[in-house]
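> Return atomic coordinates for the entry below.
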Amino acid sequence: MKEKALLIFIDFDSFRKNTRKIQDYNKSSNENVEELKNLTSSAGAVVEEVLFGRQDKPNPKYFIGTGKLEEAKKIVDAKDIELVIFDDEITPTQQRNLQLKLGTKVLDRTALILDIFAQRAHSSEGKLQVELAQLNYLLPRLTGKGIELSRLGGGIGTRGPGETKLEVDRRKIRKRISLLEKKIHQISTQRDTQRKSREVRNVFQIALVGYTNSGKTTLLNSTTNADGYVEDRLFSTLDSTTRKLKIYPDSEVLISDTVGFIEKLPHQLIASFKSTLEEVTRSDLLLLVSDISKPDFENNITSVKNVLNEIEAARKSMLLVFNKTDKLSNSEIERLKIKYKDAIFVSALKKTGLNELYQAIKKIIEKHYLDIVVRIPYNENKLISFIYDNCQVLGRRNLRDSAILNLHVNSRYCSALSKYIYRRGKRREVRLEEKSI
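A predicted model of the protein is given here:
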């Protein structure tokens, strides 16, 4: 039987600015409510009631004011609520005080998302990453008598590492965290080896990023004939998947699906999924996939860019891809095309607009790869090794004190080679022999 949940939304901004009445806040927050409802449903609970409030600042003891607390208590008692969920992050002290006062389990948005990730993780790497995030979240919530949640039974918020032994002490949790970090680092090292192999082959790498449930996996399947798991629910895909994208007959392009983002994505997850998110930070191009059928798609794009900024990937080449155009009318699509002139409009499900996407990717690839001629002194051994590891050497001519190399190179390496670029004559005047090393 599903747990009954009460959702609580507290608005601080409009109270301080005094710009909206509570009814206006309720109306404008519908999108946030629907998202938290979907998260709650994804975790396996049913939403019985939604409670709104406005405050100047969080109450240090209960997060919400005493009046709103009494209102919540009445709802909990009247409807046999088993779970209270806050849309904001609450402190460990506030969580314990609320549980004692309300007599039921209390979670915040972070704990809810962590629980969903615990259910969705299937690969060994995903399970390790989720467990690490959960333990980092649980650690400050330990008390001398054990975790308060253990007194309130199982269910949402108690899955994963906390389910079997909630009363482990801080020392043991820290030891487990250290072990998990080492295991994830080993996996990260393996991933790094794979990436270096791609870079040696001068492979152009694309990463799909976007809000959860925007259709990234469907787009991956449609463009690569892959069979990635697809379901119309939040965070259906946690594990990174890489496939070949055949837009050139004789050149390899790789495209990777990544974990979906969400507004206020828990920092514990960003830290734990660092090795997976490296597929984003090490890529040449980001395809930001947005579900254009959502009324708040622009806010979702902003949320994705905020996460990209947090993982230091916001400055990468980016192509905005509006998905699920099959849910809009032609007039709506034309109106949006005027506003977003550089975006690509597709339906991954119906496989429409993919040719336009391929052409846009090709143009970006052409800008990323350059043909240059460099002159490298023989005593620059490390630089010569770097060139052969990371560039495509089309030809080489050996001089008395240096080598002239004709390179096909990714633009990200040009800065390292800039002062060695051969400038004494046009490239066609340089006689090149077959490369040898």
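> how much space between residue 133 and residue 264?
14 Å (CB to CB, to the nearest Å). In this view, the C-beta of every residue, glycine as well, is placed from N, C-alpha and C.
> the more surrounded of the two?
Neighbours were counted for residue 133 and for residue 264 using other CB atoms under 10 Å; residue 133 has more, 26 against 17.
> if I pick residue 297, what's in contact with it?
Residues in contact with residue 297 (CB atoms under 8 Å, 6 or more residues apart in numbering) are 290, 291, 322.
> Equivalent analysis for residue 271, please.
Counting by CB under 8 Å, 6+ apart, residue 271 has contacts 133, 136.
> helix, strand or coil for it?
Secondary structure for residue 271, judged by DSSP: H, G, I helix; E, B strand; the rest coil, is helix.
> Please renumber the chain so that the first residue is 3 from this point on.
With the count now opening at 3, the last piece we talked about shows up as residue 273.
> Please tell me how far it sits from residue 139.
From residue 273 to residue 139 the distance is 11 Å (CB to CB).
> Now do the helices in the stretch 103-252 of the chain.
Ranges of helices in the stretch 103-252 of the chain, per DSSP state H, counting those that start in this stretch, are 111-122, 126-140, 172-202, 218-226.
> Now, the contacts of residue 299 that are in strands?
The strands, defined by DSSP state E, take in 292, 293, 324 from the contacts of residue 299.
> Where neighbours are concerned, which of the residues you listed has the most?
These, ranked by neighbours (other CB under 10 Å): first place residue 324, 25 neighbours.
> Kindly give the local confidence score, pLDDT, for the closest residue to it other than its chain neighbours.
Spatial nearest neighbour of residue 324, chain neighbours left out: residue 294 (4.0 Å); criterion: CB to CB, 6 or more residues apart in numbering. What the model reports as pLDDT for residue 294 is 95.
> quick one: contacts for residue 294?
Applying CB under 8 Å, 6+ apart, we find residue 294 in contact with 324, 325, 326, 327, 329, 330, 338, 347.
> Quick one, which of those are buried?
Buried subset of those (neighbour count, 16 or more other CB atoms under 10 Å): 324, 325, 326, 327, 330, 338, 347.
> coming back round to it: now render the ones in strands among the contacts of residue 299 as CSV, adding distance to residue 93.
Listed next are the ones in strands among the contacts of residue 299 as CSV, based on distance: CB to CB, whole Å:
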residue, distance to residue 93
292, 34
293, 33
324, 39
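> SS state for the residue located most distally from the centre of the chain?
Farthest-out residue of the chain from its mean C-alpha position, per CA atoms, centre = their mean: residue 402, at 51.3 Å. Classification of residue 402 using three-state DSSP returns coil.
> Tell me how far it lies from residue 378.
For residue 402, the distance to residue 378 equals 13 Å [CB to CB].
> before we move on, what about residue 340?
In terms of CB to CB, residue 340 sits 50 Å off from residue 378.
> ok, those two, which is more surrounded?
Between residue 340 and residue 378, counted using other CB under 10 Å, residue 378 has the larger neighbour count: 19 against 7.
> beta partners for the more buried one?
Counting by DSSP bridges, residue 378 is bridged to residue 405.
> can you give me the strands in this structure?
Here the chain has its strands, by DSSP E, at 5-13, 47-56, 85-88, 107-110, 206-212, 243-247, 255-259, 287-293, 320-325, 346-347, 371-379, 394-400, 404-412.
> low pLDDT regions in the stretch 153-302 of the chain?
Scanning the stretch 153-302 of the chain for pLDDT under 70 picks out the ranges 153-157, 159-170, 196-204, 229-241, 252-253, 277-278.
> if we go to 90?
For the stretch 153-302 of the chain, applying pLDDT under 90 flags the ranges 153-176, 183, 185-207, 214-215, 219, 226-256, 258-286, 297-298, 301.
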